[in-house]
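Asks: Build me a structure from this.
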Amino acid sequence: MTAQTLERPLAVVGVSGSTHAPSRTTALVSAVLDAVARDRLGAAGGTTTHLVEVDRIGPGLAGTVRRDALPSSVEQELRRIETADLLVVASPVYRASFTGLFKHLFDFIDQHALLGTPVLLAATGGSERHGLMIEHQLRPLFGFFQSLTLPNAIYASDADFTDYRVSNPDITRRIDAAVARALPLVARVAPEPRSAFF
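Replies: This next block holds a predicted model:
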């Protein structure tokens, strides 16, 4: 991957592993995507954001074990993930790990497609006690893909939300800091476009 200054739209894809809606996890990913768009406002090329919600595509995923058997709508979402310049991924903590549908989604991703792709990790849980799931579960998953997992992860507990919106200013500041530290790196390492989706 050749270092360069990005002069095309930055393709940012968020993935929420929540299995229901409304969802605090989806709200967290959306807040990060909004922060990226704000930070990139006026930047050369601009930014395109897209949110993948596993609860919405779950019916097309469940019970399917081969990628060529997936509905075209799910295949399209896989391609968006595989061609992103930046991934923002989050899951609620479930049984000390990410949700099964979140893992099933990434089981279909080509094992070489995310090589070097910057990934901002996030998670939600009932309390602060679950925050280490990011380090013990999410980071190793994207290590398998040889992605560039960013050092600033974001964890939010139920108390950080009001009506399924991030309401704790500490979390908002953490989001802004993570995005501000990530984007200079992302703009330098982003490859040439690999898809017509963005």
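Asks: Every contact and neighbour count from this point should use C-alpha atoms.
Replies: Noted.
Asks: For the nearest residue to residue 98 once chain neighbours are set aside, identify the helix or strand it belongs to.
Replies: Nearest residue to residue 98, sequence neighbours excluded (C-alpha to C-alpha, 6 or more residues apart in numbering): residue 91, at 5.4 Å. Using DSSP states H and E, residue 91 falls within strand 86-92.
Asks: got the angle between the helix or strand following that strand and strand 86-92?
Replies: Moving toward the C-terminus from strand 86-92, the next helix or strand (DSSP H and E) is helix 100-107. Angle, helix 100-107 to strand 86-92, by axes from the mean of the first three to the mean of the last three C-alpha atoms, to 10 degrees: 150 degrees.
Asks: Identify all contacting residues around helix 100-107.
Replies: Applying C-alpha atoms under 8 Å, 6 or more residues apart in numbering, the contact partners of helix 100-107 are 16, 17, 18, 19, 54, 58, 61, 62, 91.
Asks: This protein: helices as residue ranges?
Replies: 24-39, 54-61, 72-82, 100-107, 133, 139-144, 169-189 (DSSP state H).
Asks: do you know how far residue 50 is from residue 95?
Replies: Using C-alpha to C-alpha, to the nearest Å, we find residue 50 at a distance of 28 Å from residue 95.
Asks: Give the full set of residues in contact with residue 180.
Replies: Per C-alpha under 8 Å, 6+ apart, neighbours of residue 180: residue 39.
Asks: Which per-residue confidence value corresponds to the residue of the chain most remote from its centre?
Replies: Here the chain reaches farthest from its C-alpha mean at residue 69, the gap being 24.2 Å by C-alpha atoms, centre = their mean. As predicted, residue 69 sits at a pLDDT of 96.
Asks: Residue 129 too?
Replies: pLDDT at residue 129 comes out at 83.
Asks: list the contacts for it?
Replies: So residue 129 contacts nothing (C-alpha under 8 Å, 6+ apart).
Asks: Please apply the same query to the one 10 residues further on.
Replies: Applying C-alpha under 8 Å, 6+ apart, one finds that residue 139 lies in contact with 121, 149.
Asks: Quickly note the distance from it to residue 46.
Replies: Using C-alpha to C-alpha, which is the criterion applied here, residue 139 is 28 Å from residue 46.
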